[in-house]
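Enquirer: What follows is a predicted protein model with its sequence.
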Amino acid sequence: MKHTISVLVENEFGVLARVAGLFSGRGFNIESLSVAPTLDPSISRMTIVTSGDDRILEQINKQLNKLIDTIKVIDFTGEEFIERELCMIKVTAEDDTRAEVLRICDIFRGKVVDVTPKCYVIEVTGAPAKINAIIELLRPMGIKELVRSGPVALGRGPKGWRSND
Amino acid sequence: MKLTGSKILLECLQREGVDTVFGYPGGTVINIYDDLMDSPIKHILTRHEQAAVHAADGYARATGKVGVAIATSGPGATNTITGIATAYMDSIPLVVISGQVPTPLIGNDAFQEADIIGITRPITKHNFLVRDVKDLATIMKKAFYIARTGRPGPVVIDLPKDIQLATAKFEYPETVELRGYKPTYSGNVRMVEKAAAMILAAKKPVIYVGGGATLTDAHAELKQLAEMIQAPVTTTLMGMACFPKRHPLSLGMLGMHGTYYANMAVTNSDLLIALGARFDDRVTGKIATFAPHAKIIHVDIDPTSIKKNVRVDLPIVGDLRDVLTKLLKELGEHAEEVTKQGDRLKPWLEEIADWRRQQPMSYVPSKTEIKPQFVIEKLRELSSDDAIVTTEVGQHQMWAAQFFDFVQPRTFLSSGGLGTMGFGLPAALGAQAAFPKRQVIDISGDGSFQMNSQELATLVQYRLPVKIVILNNNFLGMVRQWQQLFFNKRYSQTCMELPIDFVKLAEAYGATGLRAGKPEEVEEVIRKAFATKGPVIMEFKISREENVLPMVPAGASLNEMVLAS
Ligand SMILES: Cc1cc2nc3c(=O)[nH]c(=O)nc-3n(C[C@H](O)[C@H](O)[C@H](O)COP(=O)(O)OP(=O)(O)OC[C@H]3O[C@@H](n4cnc5c(N)ncnc54)[C@H](O)[C@@H]3O)c2cc1C
Ligand SMILES: Cc1ncc(C[n+]2csc(CCOP(=O)(O)OP(=O)(O)O)c2C)c(N)n1
Ligand SMILES: [Mg+2]
């Protein structure tokens, strides 16, 4: 089963390597990982999508917590949360498909961020399932290249997490 | 007051109460070595950086303090890897300081550059690259704090040469603040109450003690608990000396080479009380059949140890000594039930006594050949209670664990988790440096001894009177045993074709060498060695194809042991 975990870590040299090394060294899966600083620049937030049974998930959580640089681990399993991913798709758009590509883009509330006579770059955000869906629809048009950011996640409701809490 | 980085480093070591460090100089630590000449800290020059780390490790295991080692960049630092990994696997507190090329050169494949932070990341509790001399004191403080607290472990500090030369105002921080690191010491009282209730309801409890008891010095509380509830106690290799083997409730070691009765007791128990032990595969055998009837209470300071390998019915995260103190108090409030419990457990202890009568820890004595077990028994008989024993890895290590009756904690220093051949001699060196007056004995095999035999020079130079026992079978015996039992006696590359004259080797270094070839010479050699002032090698030509028994074959259940007779 897939799990989304947020890890708040010291924004320090080598932290990403520690987390990545933990996953590879212990044979845990990483489906995606995204990382950037938070409001507090001394803290980075990682969003990791992983999979495994309950026992493995428990170990992943505990092992992440065990890293000295880990400040907090938020496991969204069983919680209400929002998950969003950014995707940029370079898709062929020639005479006969140009309109159709635009229509699909519109339906998914995507944006065309680069235009050339023979192709568009489309930017779309959404839950990973939505991104999968637009990719499937655009695939027959001819996708030249695409990049996904991997999801980032935030819990729903008023409760937040800040470093001084 | 402004100081150079290298002076700050030494000041910090002093503030941490470090009296002895082990190391080896080189280009990127030459400034530190220069300043060492003016420092009261004693430096012991080993003959290999791996040995420096093992020595610091032995020092730490024997004293409970943080061991410190220093190595130069590149090859010096990479030589420390096995030492660091050994300490990591056994949760030993170390601070290892490596020199590094100057910061502007890092990443340029500079002379003697190695990415030691990258290399040691998975084998340290934490590591630091110092990038500004202003951070050095704080990093030192953090390093010692991290190494010694919670579940202890090695910490590496990589110190570039330019940082050693740069200056900063020296101020040693009084406290450390690590927002991501707050080990849980205090065990949850509700959980402890539950544990007490489970203990009072049990009919066949077994206390299973691990290295955590050694690390937090919980032997007194442990003894109190066992005697209070009259439950039998088995230890892992790492918990070995925490509970005296001659105690009537002692079952000795469990696991692959544990006693028959310890393994039978665990297999038949209805409550397993795991105290600072991590359910290693050498202990559990086949997981599916491990303690199949038992509820499991697991006390450990590291949450990752809990439910890693086995299901746990009652987890208690906390320092073992704290938890045991609370548990004793809680049980003390149920004095009457505790007494009744003691009576109720009598049939259980009787059942265990039966197993012990059926298969005691034994070996077949010989009048013509030296039996390794006999040497170990004699060593125990002729050494003092507080003698510190280190081992290498192999059959001799297991015989030491099985036949040496340890009575005091921190007197058995062995590489359990990594199983590092070559650990014992430098570890003995470190322990002897910490306790110059105590007997320190390295129980070694002919193979392992040759992995760090150069440390004889260090022993002689610093007058460290370690007594080395080589149980010489001219085999990589432990591997040979597996080949005999599971590979149809095909002894591939385990026979040491070249016999070494260990007596001459000792003499070459200026140590004393003694040899016994017959059983009747054993006692005399040991007596002579113990009466000799300096380091001594005692070589015992043992029965070559002796096996370590009993044994749980790899992947088998604990109650499927290959027995001695
Ligand atoms: C050739 C060979 C054969 C071996 N055969 C056997 C064998 O037959 N039987 C055997 O037992 N071992 C054997 N070993 C050793 C084995 O590999 C493991 O090293 C050993 O079993 C681990 O011991 P442990 O569970 O006590 O864990 P340790 O590695 O000592 O771990 C200590 C545990 O205590 C916890 N802890 C630390 N501090 C505290 C604290 N303050 N409070 C609470 N908990 C704390 C830690 O988090 C950790 O979980 C063998 C090794 C070799 C090389
Ligand atoms: C550094 C290292 N290399 C290899 C091994 C694998 N190994 C385990 S025991 C052993 C044999 C040890 O031989 P010796 O020291 O003579 O001890 P004996 O078993 O004969 O008592 C070997 C090779 C190891 N544990 N450590
Ligand atoms: Mg041998």
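Expert: Received, thanks. Ligands and ions are numbered 1, 2, ... in the order given.
Enquirer: Find the residue ranges of the chain scoring beneath the pLDDT cut-off.
Expert: Assuming you mean chain A. A:163-165 (pLDDT under 70).
Enquirer: Not quite, go with chain B.
Expert: Along chain B, no part satisfies pLDDT under 70.
Enquirer: Spell out which parts of it neighbour ligand 3.
Expert: B:G445, B:D446, B:G447, B:N473, B:F475, B:G477 (Cβ under 5 Å from the ion). Backbone N, C-alpha and C define where each C-beta goes, glycine included.
Enquirer: just the strands in chain A please.
Expert: Along chain A, counting by DSSP state E, strands occupy A:2-10, A:32-37, A:43-51, A:70-75, A:81-92, A:111-116, A:119-126, A:143-148, A:152-155.
Enquirer: so which of the ones you listed comes closest to ligand 2?
Expert: Across the strands of chain A, ligand 2 has its closest neighbour in strand A:70-75 (32.5 Å, Cβ to the nearest ligand atom).
Enquirer: Tell me if that closest one is near chain B.
Expert: Yes - contact of strand A:70-75 with chain B (Cβ under 8 Å from any Cβ of the partner chain) involves A:T70, A:I71.
Enquirer: contacting residues around the closest residue to B:I352 other than its chain neighbours?
Expert: Excluding its sequence neighbours, the residue lying closest to B:I352 (Cβ to Cβ, 6 or more residues apart in numbering or on different chains) is B:A265, at 5.2 Å. With contact set as Cβ atoms under 8 Å, 6 or more residues apart in numbering or on different chains, B:A265 has these partners: B:K204, B:V206, B:P232, B:T234, B:L251, B:I352, B:W355.
Enquirer: which one of the residues you listed is nearest chain A?
Expert: Distances from chain A to the contacts of B:A265, taken as Cβ to the nearest Cβ, are shortest for B:V206 (24.2 Å).
Enquirer: any idea how far chain A is from the nearest residue to that closest one once chain neighbours are set aside?
Expert: Nearest residue to B:V206, sequence neighbours excluded (Cβ to Cβ, 6+ apart): B:S269, at 4.3 Å. B:S269 is 23 Å from chain A, where distance means Cβ to the nearest Cβ, to the nearest Å.
Enquirer: go on, B:I306?
Expert: 8 Å.
Enquirer: from chain A, which residue is nearest to ligand 1?
Expert: Ligand 1 sits closest to A:K66 of chain A, with a gap of 10.1 Å, by Cβ to the nearest ligand atom.
Enquirer: How many residues are close by A:G21?
Expert: Around A:G21 sit 15 other residues, with neighbours defined as other Cβ atoms under 10 Å in any protein chain shown.
Enquirer: B:E171 too?
Expert: B:E171, neighbours per other Cβ under 10 Å, totals 11.
Enquirer: Also B:I370?
Expert: Quick note: B:I370 (other Cβ under 10 Å) scores 23 neighbours.
Enquirer: Am I right that it is in contact with B:E523?
Expert: No - in this structure B:I370 lies outside contact range of B:E523 using Cβ atoms under 8 Å: 11.1 Å.
Enquirer: coming back round to it: so the residue nearest to B:V206 versus B:P347, what's the distance?
Expert: Using Cβ to Cβ, to the nearest Å, one gets 13 Å for the distance from B:S269 to B:P347.
Enquirer: Which of these two has more residues huddled nearby?
Expert: Per other Cβ under 10 Å, whichever of B:S269 and B:P347 has more neighbours is B:S269, with 27 against 11.
Enquirer: re earlier: can you put the strands of chain A in a markdown table and add mean neighbour count and distance to ligand 1?
Expert: Formatted as a markdown table, the strands of chain A follow (neighbours: other Cβ atoms under 10 Å in any protein chain shown; distance: least, Cβ to the nearest ligand atom, whole Å):
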| stretch | mean neighbour count | distance to ligand 1 |
| --- | --- | --- |
| strand A:2-10 | 20 | 22 |
| strand A:32-37 | 15 | 28 |
| strand A:43-51 | 21 | 24 |
| strand A:70-75 | 19 | 17 |
| strand A:81-92 | 18 | 32 |
| strand A:111-116 | 12 | 51 |
| strand A:119-126 | 20 | 43 |
| strand A:143-148 | 13 | 39 |
| strand A:152-155 | 18 | 31 |
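Enquirer: Tell me which of these sits nearest to B:I163.
Expert: strand A:2-10 (20.3 Å; Cβ to Cβ).
Enquirer: neighbouring strands for that closest one, and are they parallel or not?
Expert: Within its sheet, strand A:2-10 is paired with strand A:43-51 (antiparallel), strand A:70-75 (antiparallel), according to DSSP bridges.
Enquirer: ok so, going back, now do the contacts for the residue of chain A closest to ligand 1.
Expert: Here A:K66 is in contact with B:D302, B:P303, B:T304 (criterion: Cβ under 8 Å, 6+ apart).
Enquirer: switch the cut-off to 10 Å
Expert: Taking Cβ atoms under 10 Å, 6 or more residues apart in numbering or on different chains, we find A:K66 in contact with A:L22, A:V73, B:K125, B:G150, B:R151, B:G180, B:Y181, B:P183, B:D302, B:P303, B:T304.
Enquirer: Please report the distance of it from B:A277.
Expert: 18 Å.
Enquirer: Also B:A56?
Expert: For B:A56, the distance to B:A277 - Cβ to Cβ - is 25 Å.
Enquirer: Could you count how many residues lie near the residue in the stretch 251-400 of chain B that ligand 2 sits nearest to?
Expert: Relative to ligand 2, the nearest point of the stretch 251-400 of chain B is B:G394 (2.5 Å; Cβ to the nearest ligand atom). Counted with other Cβ under 10 Å, the neighbours of B:G394 add up to 25.
Enquirer: Ok, B:G187 next?
Expert: Neighbour count for B:G187, taken as other Cβ under 10 Å: 23.
Enquirer: Grab the nearest non-local neighbour of it.
Expert: B:G187 sits nearest to B:G318 (Cβ to Cβ, 6+ apart), 3.2 Å away.
Enquirer: coming back round to it: so of the contacts of B:A265, which ones are in strands?
Expert: Using DSSP E, the members of the contacts of B:A265 that fall in strands are B:V206, B:T234, B:L251.
Enquirer: Drop anything exposed from those.
Expert: Buried by 16 or more other Cβ atoms under 10 Å in any protein chain shown: B:V206, B:T234, B:L251, out of these.
Enquirer: Now do the first one against ligand 3, distance only.
Expert: Think B:V206. Distance, B:V206 to ligand 3, by Cβ to the ion, to the nearest Å: 33 Å.
Enquirer: Would you confirm that that residue contacts B:G258?
Expert: No - here B:V206 lies out of contact with B:G258, judged by Cβ atoms under 10 Å, at a distance of 11.9 Å.
Enquirer: between these two, what contacts are shared?
Expert: In contact with both B:V206 and B:G258: B:T234, B:L251, B:V266, using Cβ under 10 Å, 6+ apart.
Enquirer: bridging residues for the first one?
Expert: B:T234 forms beta bridges with B:Y208, as assigned by DSSP bridges.
Enquirer: what sits against it?
Expert: Residues in contact with B:T234 (Cβ under 10 Å, 6+ apart) are B:206-209, B:243, B:249-255, B:258-259, B:261-263, B:265-266, B:269, B:272, B:277, B:283.
Enquirer: now B:R47, what's its secondary structure?
Expert: coil (DSSP: H, G, I helix; E, B strand; the rest coil).
Enquirer: Cool, thanks, signing off.
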